[in-house]
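Asks: Output the structure for:
(one chain, ligands or ions: 1)
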Amino acid sequence: MTKQELIEQIKRKKSFLCVGLDTDLSKIPSHLLEEEDPIFAFNKAIIEATADLCVAYKPNIAFYESYGVKGWEALRKTSEVLPKDCFSIADAKRGDIGNTSKMYAQAFFNPEVSGLDFDSITIAPYMGEDSVTPFLDFKGKWAIVLALTSNQGSLDFQNFNNADGKQLFEEVIDKVNTWGTSENIMYVVGATRGEAFLKIREHAPDHFLLVPGVGAQGGSLADVCQYGMNKDCGLLVNSTRGIIYASQGKDFAERARQEAIILQKEMQQQLELHGII
Ligand SMILES: O=c1ccn([C@@H]2O[C@H](COP(=O)(O)O)[C@@H](O)[C@H]2O)c(=O)[nH]1
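Replies: Numbering: from 1, shown residues only. Next comes the predicted model:
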């Protein structure tokens, strides 16, 4: 999906919601455990209940690879039922020396080889240029690079200052910007970082930002929009547990939809407030 297509989806759906698919067998409704493929059955129901309210889906790959072959198969089947008008994100946080990153890219971007055809993948940039650029060699695909993450541990490294007083996440963005463009690179910035979006936008005014951390992690959607929204919206705000585990009963899909509606309505207000729709 191109940047322009993504912007059009956001305007059409009046939403910049990304629904996370972190499917955990110990958290899904017990009646689904009788299904042949409970992970897929759960995902399919969540997707059908939310497809008109969101513009992206983000399965976190850990939740699939932790179940081995069955998990990978559930991921493959899930990727096939993702709506074509939604942006798909493999939240895999990959990155290794060049020839290994090339294999990771093939795993998520080359359906003829791997069976998976995601639009994008999340990448940890710690190993530098040769660990990131193999993902950019795939035309039409996106690298979503960790910049300032939502977790407490982000403070361990990401805020370090260099001699010029520039923080590590700023260095990351400035350097990664030289390897691609806002047409094939996004950055991960946690919703828990509020005003830090001002600084992020100094370095990446035009890039889309993938923003996890609203819902279960307590980040503020209003703050994210106030400090991080750009002229195109420029945000994909993710919520996972707050949506998919709204209920563990038979009404789980309907309750997920209700939570997604609450976020979509707030997003619509923000898009109107910022003159985007
Ligand atoms: O900085 C980051 C980067 C990634 N994540 C991932 O996003 C979802 C968040 O799930 P919630 O249930 O909405 O908290 C999850 O897959 C994380 O691994 C993040 O939270 N923060």
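Asks: ok, which stretches of the stretch 151-277 of the chain are strands?
Replies: In the stretch 151-277 of the chain, the strands defined using DSSP state E, counting those that start in this stretch lie at 185-189, 209-211, 235-239.
Asks: For Glu112, give me its contacts.
Replies: Contact analysis of Glu112 by Cβ atoms under 8 Å, 6 or more residues apart in numbering lists nothing. (Each C-beta comes from the backbone N, C-alpha and C, glycine too.)
Asks: From the chain's centroid, how far away is stretch 244-257?
Replies: Using Cα atoms, centre = their mean, to the nearest Å, the distance from the centre of stretch 244-257 to the centre of the chain it belongs to is 21 Å.
Asks: end-to-end on that stretch?
Replies: Distance across stretch 244-257, first residue to last, is 9 Å (Cα to Cα, to the nearest Å).
Asks: and that stretch, anywhere near the ligand?
Replies: No - Stretch 244-257 lies apart from the ligand when judged by Cβ under 6 Å from any ligand atom; the minimum separation is 8.1 Å.
Asks: Next, the buried residues of that stretch.
Replies: Within stretch 244-257, the residues that count as buried by 16 or more other Cβ atoms under 10 Å are 244-246, 252-253, 255-257.
Asks: Farthest-apart pair in these, please.
Replies: Spanning the widest gap among the buried residues of stretch 244-257 are Tyr245 and Arg257, at 13.4 Å by Cβ to Cβ.
Asks: Could you dump the strands of the stretch 151-277 of the chain into CSV and include mean neighbour count and mean pLDDT?
Replies: Converted to CSV, the strands of the stretch 151-277 of the chain look like this (neighbours: other Cβ atoms under 10 Å; pLDDT from 0 to 100):
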stretch, mean neighbour count, mean pLDDT
strand 185-189, 26, 98
strand 209-211, 27, 98
strand 235-239, 27, 98
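Asks: For the ones you listed, give me CSV that also has distance to Val172.
Replies: Converted to CSV, these look like this (distance: least, Cβ to Cβ, whole Å):
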stretch, distance to Val172
strand 185-189, 8
strand 209-211, 13
strand 235-239, 19
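Asks: Out of those strands, which is closest to Ala196?
Replies: Here strand 185-189 is closest among the strands of the stretch 151-277 of the chain (Cβ to Cβ), at 7.2 Å.
Asks: With only the CA atoms kept, save the closest one in PDB.
Replies: Presented in PDB, the C-alpha positions along strand 185-189 are these (Å, rounded to 0.1, in the frame of the first residue of the first chain):
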ATOM      1  CA  ILE A 185       9.800   4.200   6.300                       C
ATOM      2  CA  MET A 186       7.700   4.800   9.400                       C
ATOM      3  CA  TYR A 187       8.700   5.100  13.000                       C
ATOM      4  CA  VAL A 188       7.400   3.500  16.200                       C
ATOM      5  CA  VAL A 189       6.700   6.100  18.900                       C
END
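Asks: what's the spacing between it and its chain's center?
Replies: Between the centre of strand 185-189 and the centre of its chain there are 9 Å (Cα atoms, centre = their mean).
Asks: That strand pairs with which strands, parallel or anti?
Replies: Applying DSSP bridges, strand 185-189 is found paired with strand 142-148 (parallel), strand 209-211 (parallel).
Asks: how about the helix or strand of the chain with the lowest mean pLDDT: buried residues?
Replies: Here the helix or strand of the chain ranked lowest by mean pLDDT, DSSP states H and E is helix 154-157, holding a mean of 94. Within helix 154-157, the residues scored as buried using 16+ other Cβ under 10 Å are Ser154.
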